[in-house]
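Q: the sequence isn't on hand, but the structure is:
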């Protein structure tokens, strides 16, 4: 793996981690407003899915930041992202063309982020990750 490939994987993980952790802070800070939004979207008992989403986002974001159990963290973030995207940005149900276009734009962005998470699931965290520490140790032990 070249230096550029190693650095790009690290920076990509860090940027995704920043995105999830920053947004999660906002959702937690604006708890009541987020509950109102989820209620308007017909989510039953919205406190529970919001709390579950916040916990998964924090754990997944830290997983990406550290490169620790990266594939599992990316998969958890993928599930949360796709689920929330289909519930909150259901552009196909909107009659107002401006609202529909705005929701579609966010929907499309989230689908792109989900695709990046799937790349992490499939390809792993790259060279600079805690996931590689145990692999390197296991490899050294097998050589002995």
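A: Okay, I see it. From a predicted model like this one, the values you see are computed outputs, not experimental measurements.
Q: could you find the closest non-adjacent residue to the spatially most central residue of the chain?
A: When CA atoms, centre = their mean is applied to the chain, the residue found nearest the centroid is residue 77 (3.5 Å). With CB to CB, 6 or more residues apart in numbering as the criterion, residue 77 has its nearest non-adjacent residue at 3.9 Å, and that residue is residue 60. From N, CA and C alone the C-beta is placed, and that goes for glycine too.
Q: give the contact list for the one you found.
A: 20, 73-74, 76-77, 80 (CB atoms under 8 Å, 6 or more residues apart in numbering).
Q: check contacts around the residue nearest to the centre of the chain.
A: Residue 77 touches 16, 20, 56-57, 60-61, 64, 117, counting by CB under 8 Å, 6+ apart.
Q: could you list the low-confidence segments of the protein?
A: Along the chain, the model assigns pLDDT under 70 to residues 134-144.
Q: again, only this time at 80
A: Residue ranges of the chain with pLDDT under 80: 1, 134-144.
Q: quick one, helices of it?
A: 3-29, 31-40, 47-66, 70-88, 97-123, 131-143 (DSSP state H).
Q: which helices and strands sit right next to the first one?
A: In terms of contact count using 3 or more CB pairs under 8 Å, 6 or more residues apart in numbering; DSSP states H and E, helix 3-29 is assigned the packing partners helix 47-66, helix 70-88, helix 97-123.
Q: how about those helices, which one is nearest residue 1?
A: helix 97-123 (10.7 Å; CB to CB).
Q: distance from that closest one to the middle of the chain?
A: The chain centre lies 11 Å from the centre of helix 97-123; the measure is CA atoms, centre = their mean, to the nearest Å.
Q: got it, and stretch 50-69?
A: That offset, for stretch 50-69, works out to 8 Å (CA atoms, centre = their mean).
Q: right, I'll call it a day here.
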